[in-house]
Structure formats: structure tokens, C-alpha cells
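> The amino acid sequence is not available; the structure is as follows:
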């Protein structure tokens, strides 16, 4: 079974590809995403064997997205524009399909992927990533977990405070919390998540951090869990 992912900002295009995928027993649709940031979350949660990606999408296009990935899955570009074919094949795309896509043409691309994937050696156990990607301007920025001191929620945005800089990006606290390793980060208040190794002291209802002058508040409902993380 080939675990696949669809990325296309056009609802009709996604629905068409979804209808093709369910007709092919060798494919399993892990997710169908409107934009690359949604797809990135899927890639960070599970192994994807094959990616069906549009190219002309807002903010970050399909080519830029594949270039940003350290270990991208196999990709089949499905796009309305034939002009990026060379770039697509330079990224080792298995196929480049121009819309509108017929079922026979889709099946041809999938058969090509199946041949490649069937000859692939069994994948080793993949270590959990040591980073997350966030949007910064029109690019995807890779942020190492070890560089994060804390994260502050700002309604629909978050502020990621690193050792020597900060990043403000459009992301909800609940979404970023799901991407952080629970054994290395702890939520201390509705608006704050802290890296455990960055905590220097717990003083009353505040957390003090190494090499930082500011203290962070501890929410009443979070304090017991925080103390338990240190065996207190």
C-alpha cells in the first residue's frame, strides 16, 4: 500500500485526485491539503511515500516546498502549467502531469511510482525530527527545538523566542504544541510553552530562564503538572 498525500489549493482539483485515489487499491490517501503548511504538518506526523503536488500555489509553490524538505517523499507534479517540467524533473519528480488529468493518465503516473517504490529497500526506522517548520515571510523556516527557549501565544499568532532572536508567525498554540516533543517542552500557562532545559528556577508562580532577564507566569491549573515534570 502506497501512503500518499495531495496538495492543491483548488478544491475541484483536490476532489478529482481524491476520486482517482480511492479507485486504485494500491493507494491509501493519508490527507488532502489546501496548502503546503498543512501538508508539512502531515509529513511531520507520518511517513508519506508519494506526494501529488500542484506547483502554482500562493505563498510557497510546489517546487519551493519540495526544495525545503530535507528528505522529501517521491513526488508527482500535477499542474496546469507545462512550463516548470524541467525544474520538476531536476527535483527527481517521478512524473509531471498537466491538467486536466484523466484517470488513465493518472494511473500511468501511479504505475510508474509503484515500480520505483517496489524496488525501494525497506525504510529504516525514522528518528523523530529535531525541528519544526514555520512560515517566515514567503519562506519556510526550519527551527531547531534546541534553539527554542519559549513560545508565547498571541491570539492567531505565536512568538517563538530563540536564544538570540524571535520569530512571529501565523500559527495557533494548540497546533504548535502538537508538533513539539512532549518530553522536552511543557505548557506553563495558556499563552506560554517552555523548553524544559531552558528553565533555571521555579519561583512562586513564575519560571526563570537561563540567560534571560524576563520571568514567565505559571497558570494555576498548569503548576502541578510543571512541578511533576521535575519530580517535585
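That came in fine, so what should we check first? Keep in mind the model is a prediction, meaning the values are calculated, not measured.

> Of all residues in the protein, which one is nearest the centre?
Most central in the chain under Cα atoms, centre = their mean is residue 40, positioned 2.4 Å from the mean C-alpha point.

> buried residues in the worst-scoring helix or strand of the chain on mean pLDDT?
One helix or strand of the chain scores below all others by mean pLDDT, DSSP states H and E: helix 85-90, with a mean of 72. Of the residues in helix 85-90, 87, 88 count as buried by neighbour count, 16 or more other Cβ atoms under 10 Å. Where you see a C-beta, it was placed from the backbone N, CA and C, and this is true even at glycine.

> so what does that helix touch, helix or strand wise?
With contacts taken as 3 or more Cβ pairs under 8 Å, 6 or more residues apart in numbering; DSSP states H and E, helix 85-90 sits against strand 95-98.

> what pairs with the strand it packs on, and is each one parallel or antiparallel?
strand 74-79 (parallel) (DSSP bridges).

> Would you map the helices across the protein?
When secondary structure is read from DSSP state H, the chain shows helices at 11-21, 36-45, 62-68, 85-90, 103-118, 173-179, 220-229.

> Ok, which of these comes nearest residue 195?
helix 220-229 (11.6 Å; Cβ to Cβ).

> Run the chain-centre distance for the closest one.
How far helix 220-229 lies from its chain's middle: 29 Å, per Cα atoms, centre = their mean, to the nearest Å.

> Also stretch 171-186?
The answer for stretch 171-186 is 13 Å, by Cα atoms, centre = their mean.

> buried residues in it?
Within stretch 171-186, the residues scored as buried using 16+ other Cβ under 10 Å are 171, 173, 176, 179, 180, 185, 186.

> any chance of those residues in JSON lines, plus distance to residue 202 and pLDDT?
Supplementary listing: the buried residues of stretch 171-186 in JSON lines, determined by distance: Cβ to Cβ, whole Å; pLDDT from 0 to 100:
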{"residue": "171", "distance to residue 202": "27", "pLDDT": "84"}
{"residue": "173", "distance to residue 202": "21", "pLDDT": "89"}
{"residue": "176", "distance to residue 202": "23", "pLDDT": "86"}
{"residue": "179", "distance to residue 202": "25", "pLDDT": "81"}
{"residue": "180", "distance to residue 202": "20", "pLDDT": "86"}
{"residue": "185", "distance to residue 202": "16", "pLDDT": "94"}
{"residue": "186", "distance to residue 202": "11", "pLDDT": "94"}
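
> which residue sits farthest out from the middle of this protein?
The chain, farthest from centre, Cα atoms, centre = their mean: residue 204 at 36.5 Å.

> which residues of this structure score low on pLDDT?
84, 120-128 (pLDDT under 70).

> Residue 100 versus the closest residue to residue 209 other than its chain neighbours, what's the distance?
Nearest non-adjacent residue to residue 209, counting by Cβ to Cβ, 6 or more residues apart in numbering: residue 198, 5.0 Å away. Distance of residue 198 to residue 100, computed by Cβ to Cβ, to the nearest Å: 52 Å.

> what's the answer for residue 181, then?
Distance, residue 181 to residue 100, by Cβ to Cβ: 43 Å.

> Then residue 170?
33 Å.

> go on, residue 173?
In terms of Cβ to Cβ, residue 173 sits 41 Å off from residue 100.

> cool, residue 32 as well?
Taking Cβ to Cβ, one finds residue 32 at 18 Å from residue 100.
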